[in-house]
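Asker: Predicted model follows, preceded by the sequence.
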Amino acid sequence: MGVGKVRAHAAPLLQSPFAAAEPVEGDHIRAIEVGEPTDPPSRVAFLDGIQRYAVEGYLGIVPVVRGYVAAAVVRREQSVLRAVLQRVEEFLTVPLEHIAEQDRSMLEQVPLPLYDCSEGDRPHPILDVQLAALAVERRREELERRLAVQYLETAPEEWLVADGSVADLMGPAVTRPRLVGLVKSHDTQFLEGRELEVALTLPSGHRSSVFARHVGKQRAVYTWYLRLWPWEEHDLLYGLVRVERAPVEQTVAEASAVSRWILAERAPLSAPDERWDRLIYPIRQVEAYLRSHIGGWW
Amino acid sequence: MIRLSDAPPIGRVVATEALPASPHQFHFWTATETPVGIGTIVRVDAARGRTAYAVVVDGRAYSDLAAPLHDVVAAEGNPAASSGVTRRTEVRLWTAAVLRQIPEEPVQPVPLADVHLAIEPDVEIALRMDSYARADPPTAIPIGVYRTGGLHAPVSLDAHFLLGPESAHLNISGVSGLATKTSAVLFFLRSIFQKFPREKGSVAALCFNVKGPDLCFLDQPAELNETDRETYRALGVEPEAFFNAAYYAPFKPDGVNLNTLRSHADLVGSVQPLVWGLREVLDYHEVLLNRDDIDAKADAFLDFLADRVVEKEFRDEWGSTHRVRSFAELERLFRAIFDGLESAGRGDIWRTHHIATIRKVRNRLLNISTRCKGLVTDDGSVSDLPFGAFEDRSVHVIDVAGMDQLGQDLVFTRVVSKLREHLERRDLGVDHVVVFVDELNKYAPGDGPDTYVRKMLLDISERGRYLGLVLFAAQQFRSQVHRRVVGNAGTTVFGRMDMDELATPGYQVLSPATRMKLATLPKGELMVRHPHFTQPVFVRFPHPPVLTGPEGLDRFPPAADVSFEDAVVRQLVALDRRVAAATIKNLIVGRQENDIRRALLATKRVRPDDATAYFAASLGPAVRSQRVDEPAATATPQLRSLEDPYAP
């Protein structure tokens, strides 16, 4: 049956499958063996967030969505993880343009923040829920961003490994050299041709050379692919993560060293999470910690 | 300084559909580094005034590792590889059995609340000790300390449930050498003697020393270490030896050296010989005589002897009067019967008893003094326990370690029977007697023949508490002791146990972790079940304040057996230091050994100020032998044999 999962339905099309990038470590992308895993820095913390939403009811045909987002920073001290920062937000998100003024007034009486997720002129019960979900996701990203900034300002000497992209935390004037993003999804491809093939077929324990991906017109992050587990006989993206760091020379110089300690994070395994080949254990524990506080949002 | 009562919680009750909290059991988790272990007593405080006390009976630890294979994958098949830079999240999940809830009604599941280590007042409440430790007068008998996380909380038993009448008896089990059964019982006795309220009556103890020197030095104080002294202080018990201790031992077959390891010159003077005569034995002939030999006819003849003959004036059909007080006098009666029947030619029947039955009973009875030589004498001299004059807080040790099984059975049966008789009549001298018997496997086995000793033990177990006769019994294998004997023990104590024993059905009520703890229990630690305790609790008791057997032997090595004359001198010197060996030897030269023994026994029994004078008086004047002239040649020739007048 091959190496992929057996599926019954077509997956939804990707929103933004391609983006631009340019090599910064050499003039083309190549595979680099990073060497044996090494111990991570003694002071390292991990950031992740979770989100939940549910349709609470309808005002006419307009859905009222209740959102829950939470984020936490967990620091590792002598191999033991301890939560040091945690934020939770619960709110309502509604396409305000599609509801009457008195309904809006009524919603404002609810002791929860109210956010707008309007887009388009006509209400659509399914699309409006999808838009509300996107709003919830943006709130979660914003919460993570605020938590990361807070943590790095209070502990600038410590490393912070975030789940996902850290592009929004970088800017022309802001570099956070000890912030590392671990991206598990590969919806957007930044390379093409032979360079893409090199990146996506990296052997285990290898990384790609560092390249810059642009975030808007002013900002960029440096990034590289890293294969955590052998992908042969698996999916092409099996065990493949993309590491993001600040767009500074130090990132290129430290790419292999950082890759080596990320390789060390393979143990303990984050199984039985189905993303275990790309999800490092501490990030999974941040999720577990957040889920343990989720209350009725299971 | 943080007081224990202010200490933060050490765990939290968790309940799921699969592991719910109930009125009798709940689960809680703690940090991985925790003072909690099997046997720890905890308190659960709920917001609405309900408090639960419980003892930890099981514990589990696990991480979020879903399958062992995941660890193999992470280590890439190499066990020596690092287990990872992050320690997996672990849980210590404990199961606790509820001891008590307040309020006790309505009975409800344990609240899902914070868990605290029990502090001293909690232990008292949890074990319901408050009902008797704070009574007037208090009837709490301290038996050890409960220890966890720096806490030393006294644990006490209720005297009403230990010595009666509510419940009684104590049974202690454990492997030899490691369970410290004897030490525990000695400490319990020490505690009882100090803490049993005098308003509740007097109490004495009677211990059978059944092996080696175990109980031979109860009056000799031991050196205690600071830990033991601290435990005594925590329990409020003074570490004193049993200064009011009396020792009894039979003689060896030579009739003069005492059959005990407490024979050192400094101690042997305090050992009373245990010597019985016909009367003492006849009432317990069932112990000594084999059921296969003694049928109903023999039984009837024995009853006749006991009722009509022994210690009574008995006139036979041939004009002689007998007063049978000893085996020797009994033999004279038998001889008179046989001779009388022979001479009268009246056939085979004497007072409805067939001569064959009489001969059988004679052979068996007279054989007893041979089989139990040293304990049973032919000549009627008796040295017995002071039945009727037992003193409050006194210990009586009967050393039967050197006796064979038959002699031990006789001593045990008679002594316990006498205790019961006197307690029934309320004239023993004390209101309660604790009888300590070790090796209960041997005396009251669960299977095997229904012996007189076992019946006696069953009787004590079932009826003793009403009389004040309390059995403290010890054995290695509880499962091999008669169920009714162990089942009637109100208090049950366990030391280190054998795994095979723990696998027997009687221990299945304990959790596997509790059984494991019992199998590895250190010396000095016990698991106690008591009617007031809903669950078994673990306690540590101190070294008893007396020399153990081996310690006593080191300090007081047993004296070697000596000649008859020297043994007499040695025993008299032990009574009175002024006794001169030469004087005694002059007194006994040419005397019958039985007469000397009788005089020695009398002297030891009375313990006079001037032992030499009393001994001499007891011996009486020496009868000089006189030459008797040969009978005249014309006299009637004497029969050569009374048995067979026609013998050549």
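Answerer: Right, received. Where do you want to start?
Asker: so how far is the first residue of stretch B:439-450 from its last?
Answerer: 17 Å (CA to CA, to the nearest Å).
Asker: Quick one: mean pLDDT over it.
Answerer: On average, the pLDDT along stretch B:439-450 is 86.
Asker: repeat for stretch B:329-340
Answerer: Here the average pLDDT along stretch B:329-340 is 88.
Asker: And stretch A:84-94, by the same measure?
Answerer: 96.
Asker: Can you tell me what sits against it?
Answerer: Residues outside stretch A:84-94 that contact it (CB atoms under 8 Å, 6 or more residues apart in numbering or on different chains): A:45, A:53, A:56, A:59, A:62-75, A:107, A:110, A:112-117, A:132, A:135-136, A:139, A:143, A:146-147, A:150-151, A:289-290, A:293. For the C-beta atoms, the positions are set from N, CA and C on the backbone; glycine is no exception.
Asker: Please flag which of these sit within strands.
Answerer: A:45, A:53, A:56, A:59, A:62-75, A:114-116 (DSSP state E).
Asker: burial count for the residue lying closest to residue B:544 once chain neighbours are set aside?
Answerer: Among residues not flanking residue B:544 along the chain, residue B:186 sits closest, at 3.8 Å (CB to CB, 6 or more residues apart in numbering or on different chains). Residues lying near residue B:186 (other CB atoms under 10 Å in any protein chain shown) number 27.
Asker: Which element, helix or strand, includes residue B:186?
Answerer: helix B:181-195 (DSSP states H and E).
Asker: from the chain's centre, how far out does that helix sit?
Answerer: 12 Å (CA atoms, centre = their mean, to the nearest Å).
Asker: name the helices or strands packed onto it?
Answerer: With contacts defined as 3 or more CB pairs under 8 Å, 6 or more residues apart in numbering or on different chains; DSSP states H and E, helix B:181-195 has these neighbours: strand B:140-148, helix B:159-162, strand B:170-173, strand B:203-209, strand B:432-437, strand B:469-475.
Asker: From residue A:159, how far off is residue A:152?
Answerer: 10 Å (CB to CB, to the nearest Å).
Asker: shared neighbours, the two?
Answerer: The contact lists of residue A:152 and residue A:159 share A:178, A:179, where a contact means CB under 8 Å, 6+ apart.
Asker: Stretch B:478-493: which residues count as buried?
Answerer: The neighbour-count check on stretch B:478-493 (16 or more other CB atoms under 10 Å in any protein chain shown) flags B:478-482, B:485-486, B:488-493 as buried.
Asker: Which members of those residues additionally contact chain A?
Answerer: With CB under 8 Å from any CB of the partner chain as the criterion, the buried residues of stretch B:478-493 include none near chain A.
Asker: which residues does the residue nearest the centre of chain A contact?
Answerer: Nearest to the mean C-alpha position of chain A, counting by CA atoms, centre = their mean, stands residue A:164 at 2.1 Å. Residues near residue A:164 by CB under 8 Å, 6+ apart: A:144, A:181, A:182, A:183, A:184.
Asker: Quick check: the residue of the stretch 101-250 of chain B nearest chain A.
Answerer: residue B:112 (15.1 Å; CB to the nearest CB).
Asker: Chain B contacts on chain A?
Answerer: So chain A meets chain B at A:39-40, A:76, A:79-81, A:261, A:264-269, A:271-272, A:276, A:281-282, A:285, A:288 (CB under 8 Å from any CB).
Asker: From the residues you listed, keep the buried residues only.
Answerer: A:40, A:76, A:81, A:261, A:264-269, A:271, A:276, A:281-282, A:285, A:288.
Asker: Would you check which pair of those lies furthest apart?
Answerer: Spatial extent of these (CB to CB) is set by the pair A:261 and A:288 at 22.0 Å.
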